[in-house]
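Engineer: Could you look at this predicted model? Sequence included:
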Amino acid sequence: MSVIERARVVVVGGGVVGGAILHELAGNGIAGILVEAEPDLCEGTSKANSAIVHTGFDSKPGTVESRMLRRAAELWPETIEVLEVPFLAVGALMLARTREDASRLEVEVASNAAALGVTTELVDAAVVRDLAPYLAEDVVAALSIPDESVVDPFWLTRAFVEAAVAGGAEVRLGRRVVGLEVRTDEIAVRLDDGTTLLAEQVIDAAGIRADEVARLAGDESFTLSPRVGQFLVSEETFGVDRIVLPIPGPLGKGMLVTPIVFGGLLLGPTALDMSDKDDRSVDPASRERILDATRAMVPALREAVPVRQFAGLRHVSSTGDFVVRPSAVSDRLYLAAGIRSTGISTSPAVAEAVVADVMDRRRWRRPPIRRRLAPPPSGLPDEPGEIICLCRSISRGEVAAACRRAIAPTTLDGVKRRGGATFGDCQGNLCALGVAGIVAAERGIPVADVEKHRRGSWLWERANDATATDGRVGATARVAPRGRAGTLRALDVVVVGAGHAGAAAAAELSRAGLAVAVLERADDAGRDARPSAAAEVVLGATVVGLSPAADDGWIVLAQTAAGSIERSARDVVVATGAYVQPREQRAIAGPRPAGIMTADLAERLLDAGLRPGRRVAMVGGPSRAADLGRRMEQAGSAVVRLAAEPVEVRGDTGDARLAGVRVGDRWFDVDTLVFADRLVPQAFVLRGLGLLDGRPGTPAPVDDDGRLPAAGLWAVGCCVEPSHDHARCAAAGRALGKRLSEASSSHGAPAVTAR
Amino acid sequence: MSEIVRDRAIVHGSADAVWAIIEDPAALARVLPGAESIEATGPGSFRGVLASKIQFLTVRADVTASFHDADPPRHLRLQLDGRPRGLAGSFAVSVPFDLVPRDGPAGPGTETEVSYAVDLQVTGRLATFGAPLMRDTLRRQIATLVTNVDRELHAGTTGRPPGRTPAS
């Protein structure tokens, strides 16, 4: 059925430039309609880049890009203030590692920057050491660019759009423009849902596909091709506190080390000219190239363990510059295209220039005072509820608040970009179902209908024998309501985790008469591990903090569905187990479609009456994989057991869902890949104490007695040695419990040593 | 705990005048950035609600504050423990600071150099925001605090009702 609507302005493209234009229009009193083909904002070039707000110090004078960069530098302070976006002026150091490089910095780069009015300073090796002691010793000089900054691209794009919506703008997500018809007084925009928008003005900000949108109107004045850049994410910063970059080459700035606003480092990008605008594949060779190049600048990155590898597409315009002008066909179509790798940096200026020119051409009157439109506040409830995302301590309340934003996420990745859930070490394998359950509940749809990112990126299905589920697995907890002093109970020992090691330790401690509490994240405390009945067991309680008590011992803060609880104890035993290493930490080439998961998620899905996929390839050892395979087959999946880890994966059209995996030379046509093999220790709770850094897979650092390097803290089980089976974990738990009990009885107090 | 900020600031008043603000809960409520409420719970101890703006998010937190190692008017350590509302986790801030009189345009000892360090421990959700953002937040709050102290010193201490100060 066709529907015809009228609009003053239609903005095509929900990336940072389209969002900024919508915001600028709204600020000038024009409520536009933004149309985005993908199910969420920021799904194209804007989502996968260095996130740097460039000063333009190395831009080519006389270009549109250079002019926009300089104007944007003037606009950024107000943009940040009004939009309240995460932004850090970290500065940058461009490194010279030879005398010739140092000369180039001075003669070419610094002089170019000076001509553009960008502040830079050449610093010698001694100053470099002082500013950035983590840099390689062969750095002989550097150019300091103090105003280079970093921002969160998702937050920025969303803030632009949500602020515009607050000013009356509309957003149509998941709607592709399939036709543009230029008429005398209007332009007809045909969408793939049958709607036609009759607009006075259309602005083409469709990113890498802006040339295709222009061609719908007959404009063939430019083409865009993709330049693929792969990146790595390291949660550990190794002390890097500013952008570090080499002298640029012909394909761009080269490989950078960039602090991420929310912590961690971004390494890369590579730069490879391609033809496929959908190909965001990654490969192990690029991973090694990035690590080699960045380690040459920051040697400590030798110890880096990336948690994610991804690829983004930059635009290479046939014009060699931004295409910010009216279309060659009609000025009712305005182009904001060819915005290559500086789209974030220039977005406020491009928006200002486009909207000013459009308003002049349409003879629209400017308001006397431009509106300063801000996005609505976060809407966080006072009580966060239980922890959904373990790696990042993100609560149900926080995810639900994200789902109630003006531009609500409809996909799992949409939630990730609004708060970080599923972005941590486990890459969603411990929490994806919980997050999707909240999205489903907020949208009033079955959890099986929540997708990963693009249309067709289904995550899981109802199992053949499933009963209804909302994906809210284990949301109840037998706990006291939130309180502080009222729930602060003094104990001898708190055990964090009721798996085999934790349960055995608690049983031993209870048997010795010690007052013990066991805090367990799951609602079912291990299928075959049972702490002693004498111990207090709180299920559904995720420990989010360990703090030294004022007098002695520790305060353990846990979050439950009913609120937060505290326990005070002389000793704390961390027995938080392990998780299966996700694909992101493995060297596997190919795209990142839905359908790749670990046994941790697959088992949760089956527990919830869902199945991971239809045709499943599984990697794993005999015990866990055999049981999981049987369960998946019972749920209706066809399961192929792989002899080795795949070296490559491929996606279906648009890389929405997995389509195949390759082991050696053989491809297997499957829609799902499940890893059930390699366990890595999980001891996130120790990071807050500085006992673990941000690298995934690092075991809890205990001595031979299970003692952590903070008096009164102990660790045992798979968080120390992930290769241990259930029996060895239980034995280790019993042994630790016995040691603590004996120390307690011999000293009249638990084994608290010098603090 | 880890030291996240070490810096110094100049306030335009004597060390005694600055100390008087510290000892006056009402004055303290006026100068602490984002203080929505503060009540004394004992000598040198308080509880209240603070609103802190972490760039993109204003976090309201239930806090308890206490003074330690007091050596008036030269040295004090502020201990601030809190739980954010809406986010899982906790924070603990220890701020030892030293007041050193210095000469100002108005005469000897009319200005005070405040040297301070901020030791911060965050757990749960706040810990995932990353040190750079937390450092940026603390620096902004301290800058606002210094501005507020200056304003308080120049406004005098009489007749001003306790009011909410902006989150920084």
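Structural biologist: Received, thanks. Numbering: from 1, shown residues only, chains lettered A, B, ... in the order given.

Engineer: Low-confidence stretches in the stretch 651-755 of chain A?
Structural biologist: A:746-755 (pLDDT under 70).

Engineer: Would you mind listing what in it touches chain B?
Structural biologist: Taking CB under 8 Å from any CB of the partner chain as the criterion, the neighbours of chain B within the stretch 651-755 of chain A are A:687, A:688, A:689, A:690. Glycine gets a C-beta too; all of them are placed from N, C-alpha and C.

Engineer: Give me the phi and psi angles of the third one.
Structural biologist: The one in question is residue A:689. The phi and psi values for residue A:689, taken as degrees, to the nearest 10, are phi -90, psi 0.

Engineer: cool, and the second one?
Structural biologist: For residue A:688, the backbone dihedrals (degrees, to the nearest 10) come out as phi -60, psi -30.

Engineer: Name the nearest residue to it, sequence neighbours excluded.
Structural biologist: Nearest residue to residue A:688 in three dimensions, chain neighbours excluded: residue B:123, at 4.2 Å (CB to CB, 6 or more residues apart in numbering or on different chains).

Engineer: That neighbour: neighbouring residues, count only.
Structural biologist: 24 (other CB atoms under 10 Å in any protein chain shown).

Engineer: Also residue A:386?
Structural biologist: 26.

Engineer: Tell me the pLDDT of residue 164.
Structural biologist: Using chain A. Residue-level confidence at residue A:164 comes out at 98, pLDDT.

Engineer: if you could check chain B rather than the one you did, that'd help
Structural biologist: If you check residue B:164, the pLDDT there is 42.

Engineer: Could you do residue A:579 as well?
Structural biologist: Taking residue A:579 on its own, its pLDDT is 96.

Engineer: who does whichever strand or helix holds it touch, helix- and strand-wise?
Structural biologist: Applying DSSP states H and E as the criterion places residue A:579 in strand A:578-580. If you count contacts as 3 or more CB pairs under 8 Å, 6 or more residues apart in numbering or on different chains; DSSP states H and E, strand A:578-580 packs onto helix A:599-607, strand A:679-681.

Engineer: neighbouring strands for it, and are they parallel or not?
Structural biologist: Each strand paired with strand A:578-580, and its direction, by DSSP bridges: strand A:679-681 (antiparallel).

Engineer: residues in contact with the partner strand?
Structural biologist: Strand A:679-681 has contacts (CB atoms under 8 Å, 6 or more residues apart in numbering or on different chains) with A:577-581, A:585, A:696-700, A:718-723.

Engineer: returning to that earlier point: among the residues of the stretch 651-755 of chain A next to chain B, who's most crowded?
Structural biologist: In these, the most neighbours by other CB under 10 Å go to residue A:688, 23 neighbours.

Engineer: Please see if the longest helix anywhere in chain B touches chain A.
Structural biologist: Determined from DSSP state H, the single longest helix within chain B is helix B:131-155. Yes: interface with chain A: helix B:131-155 contributes B:131, B:132, B:133, B:136 (CB under 8 Å from any CB).

Engineer: Can you name the residues that contact the closest residue in space to the second one that isn't next to it in sequence?
Structural biologist: Going back to what we said before, that points to residue B:132. Distances taken as CB to CB, 6+ apart place residue A:88 nearest to residue B:132, at 5.3 Å, with adjacent residues excluded. Listed by CB under 8 Å, 6+ apart, the contact set of residue A:88 reads A:149, A:150, A:151, A:259, A:261, B:132, B:133, B:136.

Engineer: and the fourth one, how many neighbours?
Structural biologist: Same thing as residue A:259. Other residues near residue A:259 come to 23 when the count uses other CB under 10 Å.

Engineer: Contact distance from chain A - what residues of chain B qualify?
Structural biologist: Residues of chain B lying close to chain A (CB under 8 Å from any CB) are B:2, B:55-58, B:60, B:62, B:83, B:85-90, B:92, B:121-125, B:127-133, B:136.

Engineer: If we use 7 Å, what do you get?
Structural biologist: B:2, B:55-57, B:85-90, B:92, B:121-125, B:127-133, B:136 (CB under 7 Å from any CB of the partner chain).

Engineer: Just the buried ones from those?
Structural biologist: The neighbour count (16 or more other CB atoms under 10 Å in any protein chain shown) marks B:55-57, B:85-90, B:92, B:121-125, B:127-133, B:136 as buried among the residues of chain B next to chain A.

Engineer: residue contacts, the residue of the stretch 651-755 of chain A found nearest chain B?
Structural biologist: Closest to chain B within the stretch 651-755 of chain A is residue A:688: 4.2 Å, counting by CB to the nearest CB. The contact partners of residue A:688, taken as CB atoms under 7 Å, 6 or more residues apart in numbering or on different chains, are A:545, A:546, B:122, B:123, B:127.

Engineer: cool, residue A:161 as well?
Structural biologist: By CB under 7 Å, 6+ apart, the residues touching residue A:161 are A:14, A:19, A:22, A:34, A:41, A:171, A:407.

Engineer: switch to 10 Å and redo it
Structural biologist: A:11, A:14, A:16, A:18-20, A:22-23, A:26, A:34, A:36, A:41-42, A:169, A:171, A:375, A:406-407 (CB atoms under 10 Å, 6 or more residues apart in numbering or on different chains).

Engineer: Below-threshold pLDDT in the chain: ranges please.
Structural biologist: Since no chain was named, I'll use chain A. A:1, A:250-252, A:465-489, A:524-533, A:746-755.

Engineer: Chain B was what I was after
Structural biologist: If you take pLDDT under 70 as the line, chain B has these spans: B:1, B:156-168.

Engineer: residue at max distance from the center of it?
Structural biologist: residue B:107 (26.7 Å; CA atoms, centre = their mean).

Engineer: Any idea what that residue is bridged to?
Structural biologist: Beta-bridge partners for residue B:107, by DSSP bridges, are residue B:104.

Engineer: Could you check how far it is from residue A:256?
Structural biologist: According to CB to CB, to the nearest Å, residue B:107 stands 52 Å off from residue A:256.

Engineer: how deep is the one residue in the stretch 251-400 of chain A that gets nearest to chain B tucked in, by neighbour count?
Structural biologist: Residue nearest to chain B within the stretch 251-400 of chain A: residue A:263 (2.3 Å; CB to the nearest CB). Neighbour count of residue A:263, defined by other CB under 10 Å: 19.

Engineer: now swap in residue B:154 and tell me
Structural biologist: Neighbour count for residue B:154, taken as other CB under 10 Å: 9.

Engineer: check contacts around it.
Structural biologist: With contact taken as CB under 10 Å, 6+ apart, residue B:154 is in contact with B:12, B:13.

Engineer: give me phi/psi at the one residue sitting closest to the centre of chain A?
Structural biologist: Compute the mean C-alpha point of chain A, and by CA atoms, centre = their mean the closest residue is residue A:423, 4.0 Å away. Per-residue torsions, residue A:423: phi -100, psi -10 (degrees, to the nearest 10).

Engineer: Is the residue nearest to residue A:201 when sequence neighbours are not counted in a helix, a strand, or coil?
Structural biologist: Closest residue to residue A:201 apart from its sequence neighbours, by CB to CB, 6+ apart: residue A:9 at 4.7 Å. Put simply, residue A:9 is strand when judged by DSSP: H, G, I helix; E, B strand; the rest coil.
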